[in-house]
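Colleague: Here's my sequence, what's the structure:
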Amino acid sequence: MLRPSSFSLLGLSLALLSSATFADTVWLTNGDRLTGTIRFFDGSKLLLETDYGGSIPLSWSKVATLESDHELLVKLGPVNGERAKALLAAEPGKVTLANGDSPKTIELAQIEQIMKPKPLVEDFTWKGNIDLGLDYKRGERDSDDYDVGIKTQARHGLWRHNALADYNRELKNDVVSTDNWSAEYALDRFLTEKWFWQGRFEYKRDRIEEVERQRTLGTGPGYQFWDDELGSFSLATLANRSDYRYSNGEQDRFYAMSVKWDYNRYLIGKTVELFTVGEVGRPLSGAADYSLDAEVGLRYKVTDWASLNMKAEKDMVSGAEGDLDETRYTLGFGVGW
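Modeller: Below you'll find the model as predicted:
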């Protein structure tokens with residue numbers, strides 16, 4: 001077992017010897033040492049990328065100290081952060097932020113996040129994906145099916161921007177049987193580390209079904225259960241003002257309550273992603289019984305940016321002037337960042 005007084009010097013020597021191959025080193029409380037590249041720390045798990053075991057999530061409580069020779073942003077709160085040119089190993093439970101002539105040693109328990117700084121906005125994070133599904137059938141019954149989905153999310157400090165868009169068109173024997181698109185923008189303002197307040201606007205257009213247009217404006221509280229390199233999960237409860245227009249020219253305007261969810265989880269070393277996003281709502285008046293808009297699927301990463309995906313989508317409005325009940329299954333290709 002290493003003594004605290006010699007831990008830092010010995011750790012530094014070992015890290016220098018291995019720096020030709022690995023940039024970062026993590027020492028665990030049981031005395032083990034792991035080398036690789038530090039990708040992210042989200043408050044509970046430190047993600048270490050290795051060439052011998054892929055992405056390894058490490059429990060922060062099991063980390064004794066760590067070291068890195070590349071620049072990292074170390075956040076000690078939801079807003080405040082310190083840009084460290086390097087991390088140096090210190091005594092167990094601590095790490096030294098190297099910033100020229102004024103190194104600073106802090107407790108590991110003080111750190112809330114570690115990430116690679118961005119060139120303009122240091123703690124700006126942006127992620128998203130575009131999924132494309134195409135299906136062509138030629139025979140006694142010809143059919144063409146196109147499905148495009150876009151989801152992106154950007155966060156800086158206490159603000160988070162969320163955008164969704166989807167387009168689906170299907171032709172059977174040159175007759176359009178499905179033609180719809182939707183778009184949504186939501187802005188989250190975090191009140192605490194987990195609680196946030198959301199405002200959102202959504203618009204849907206369908207040229208085939210009885211519910212021709214849907215427009216929704218809503219606001220309400222939400223809770224972020226987790227959001228890290230291995231996935232995220234959030235729920236939001238919203239009070240909405242909805243406007244429906246039907247193909248026969250009739251219109252409905254009403255208030256409704258809804259619950260939104262957004263979940264994804266990486267499995268098998270981030271090779272497979274399970275995801276689902278959706279919303280279920282109920283009007284406060286008798287305009288409709290309930291509405292459901294949801295999707296669930298899997299993505300399989302082919303490269304760092306490309307993936308194969310399959311998903312099922314459900315769009316339903318029950319008890320309204322014109323009922324809507326659509327189910328779609330797609331298999332396609334996507335890109336992510």
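Colleague: Strands of the stretch 201-337 of the chain, residue ranges please.
Modeller: 211-228, 231-246, 251-267, 272-283, 290-301, 306-318, 324-336 (DSSP state E, counting those that start in this stretch).
Colleague: Equivalent analysis for the stretch 1-150 of the chain, please.
Modeller: Under DSSP E, counting those that start in this stretch, the stretch 1-150 of the chain gives strands at 24-28, 33-41, 45-50, 54-59, 63-68, 72-75, 81-84, 86-89, 94-98, 104-107, 113-115, 125-137, 143-156.
Colleague: Spatially central, which residue of the chain would that be?
Modeller: Among the residues of the chain, the one closest to the centroid is Ser232, at 5.6 Å (Cα atoms, centre = their mean).
Colleague: show me what contacts that residue?
Modeller: Residues counted as contacts of Ser232 (Cβ atoms under 8 Å, 6 or more residues apart in numbering) are Gln224, Trp226, Asp262, Tyr263, Asn264. In short, each C-beta sits where N, CA and C put it, glycine included.
Colleague: Can you say which of the residues you listed are buried?
Modeller: With neighbours counted by 16 or more other Cβ atoms under 10 Å, the contacts of Ser232 contain buried members at Gln224, Trp226, Asp262, Tyr263, Asn264.
Colleague: gap between the last one and Arg299?
Modeller: As for Asn264, its distance to Arg299 is 9 Å (criterion: Cβ to Cβ, to the nearest Å).
Colleague: shared neighbours of the two, which are they?
Modeller: Joint contacts of Asn264 and Arg299 (Cβ under 8 Å, 6+ apart) are Glu273, Phe275.
Colleague: I'd like the contacts of Ser232 written out as TSV, with pLDDT and distance to Lys45 added.
Modeller: Listed next are the contacts of Ser232 as TSV, based on pLDDT from 0 to 100; distance: Cβ to Cβ, whole Å:
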residue	pLDDT	distance to Lys45
Gln224	93	15
Trp226	83	9
Asp262	95	19
Tyr263	96	17
Asn264	93	15
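Colleague: ok, which pair from those is furthest apart?
Modeller: Farthest apart among the contacts of Ser232 by Cβ to Cβ are Gln224 and Asn264. That separation is 12.9 Å.
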